[in-house]
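Engineer: here is my input, please return the structure:
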Amino acid sequence: MPEPLRRLFDVLVSATVLAITSPIVLGALLAIRLESKGHPIYRQRRVGKDGAPFDVLKLRTMVSGAERMGAGLAVDDGDSRITNVGAFLRRSSIDELPNLVNVLKGEMSIIGPRPTVPVQVEQYTDRQRGRLALKPGITGWAQVNGRASLPWPERIELDLWYAEHRTTRLDIKILWLTARMLVTGHGLYKGETGGWQDPS
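Structural biologist: Model (predicted):
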């Protein structure tokens, strides 16, 4: 798909989904605020296309300041830092809806490799940095082939394969598999860092 058409697709889809789901997001914001202290929107610095940094937006699913507690960035199923409301938001992927604002701003796309934190990108090999040739996405080839349950190097290889084979037909397949995954809930955990482990 030519980039201008891809951008038009991103804007139309993100604006439409945000409009349709705005009552759900507002309800979730209220529920988060009622259950625990802290801002209901979570911002985290990620690395985008060509290495450009940006702040990804999500609904907060953990207690405020969770990054400085326990396992830090790593999050597993049953993590005590996840709030009751947050567990539901993660299971339903509602917590990712604010990512659509990042798409509207042009920082992300609907389909592409998930944006990663700077400390992960610092560990990339030259080949793995090819993952940064595309805008990060809300869903992608790695997400529909195991998502966070895969070891980090395998996820990167899937993203690189997508970058080399990206077609409109493949994008449609990813959208279809994403919808199916949201229904089954398969592969929703191993957290913010997936199977990635700091080699240091």
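
Engineer: which strands and helices lie in contact with the helix or strand hosting Ala31?
Structural biologist: Ala31 is part of helix 3-35 when elements are defined by DSSP states H and E. Packing partners of helix 3-35 (3 or more CB pairs under 8 Å, 6 or more residues apart in numbering; DSSP states H and E): strand 53-59, helix 84-92, helix 99-104, strand 109-111. All C-beta spots, glycine's among them, are computed from the backbone N, C-alpha and C.

Engineer: identify the residues contacting the second one?
Structural biologist: Contacts of helix 84-92 with the rest of the structure, by CB atoms under 8 Å, 6 or more residues apart in numbering, involve 28, 31-32, 35, 59-62, 82, 94-95, 182, 185, 188-189.

Engineer: try it again at 10 Å.
Structural biologist: For helix 84-92, the external contacting residues (CB atoms under 10 Å, 6 or more residues apart in numbering) are 24, 28, 30-36, 40, 42, 58-63, 66, 75, 77-79, 82-83, 94-97, 182, 185, 188-189, 191.

Engineer: same check on the shortest one?
Structural biologist: Contacts made with strand 109-111 from outside it, assessed by CB under 10 Å, 6+ apart, are listed as 1, 3, 6-7, 9-14, 17, 48-49, 99-100, 102-103, 134-141, 143-144, 162, 166, 170-172, 174-175, 178.

Engineer: recalculate using a threshold of 8 Å.
Structural biologist: Here strand 109-111 makes contact (CB under 8 Å, 6+ apart) with 6, 9-10, 13-14, 103, 134-140, 171, 174-175.

Engineer: correct me, but Met62 touches Ser80?
Structural biologist: No. Met62 is not in contact with Ser80 according to CB atoms under 8 Å; the separation is 9.5 Å.

Engineer: more neighbours, these two?
Structural biologist: It is Met62, of Met62 and Ser80, that has more neighbours when counted by other CB atoms under 10 Å, with 23 against 10.

Engineer: picking that back up, state the mean pLDDT of the helix holding Ala31.
Structural biologist: Per-residue pLDDT over helix 3-35 has a mean of 95.

Engineer: and the next helix or strand past that helix?
Structural biologist: strand 41-47.

Engineer: and that next one, what's buried?
Structural biologist: Tyr42, Arg46, Val47 (16 or more other CB atoms under 10 Å).

Engineer: CA atoms only for the worst-scoring helix or strand of the chain on mean pLDDT - export them in CSV, please.
Structural biologist: Ranked by mean pLDDT, DSSP states H and E, the helix or strand of the chain with the weakest confidence is helix 168-184, at a mean of 87. The C-alpha trace of helix 168-184 is given here as CSV (Å, rounded to 0.1, in the frame of the first residue of the first chain):
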residue,chain,number,x,y,z
THR,A,168,-1.9,-4.9,1.4
ARG,A,169,-2.9,-8.6,1.5
LEU,A,170,-0.6,-9.3,4.4
ASP,A,171,-2.0,-6.3,6.3
ILE,A,172,-5.5,-7.5,5.8
LYS,A,173,-4.5,-10.9,7.2
ILE,A,174,-2.9,-9.2,10.3
LEU,A,175,-6.1,-7.3,10.9
TRP,A,176,-8.2,-10.4,10.7
LEU,A,177,-5.9,-12.4,13.0
THR,A,178,-5.8,-9.5,15.5
ALA,A,179,-9.6,-9.5,15.7
ARG,A,180,-9.5,-13.3,16.4
MET,A,181,-6.8,-12.8,19.0
LEU,A,182,-8.9,-10.2,20.9
VAL,A,183,-11.7,-12.8,21.1
THR,A,184,-9.6,-15.7,22.3
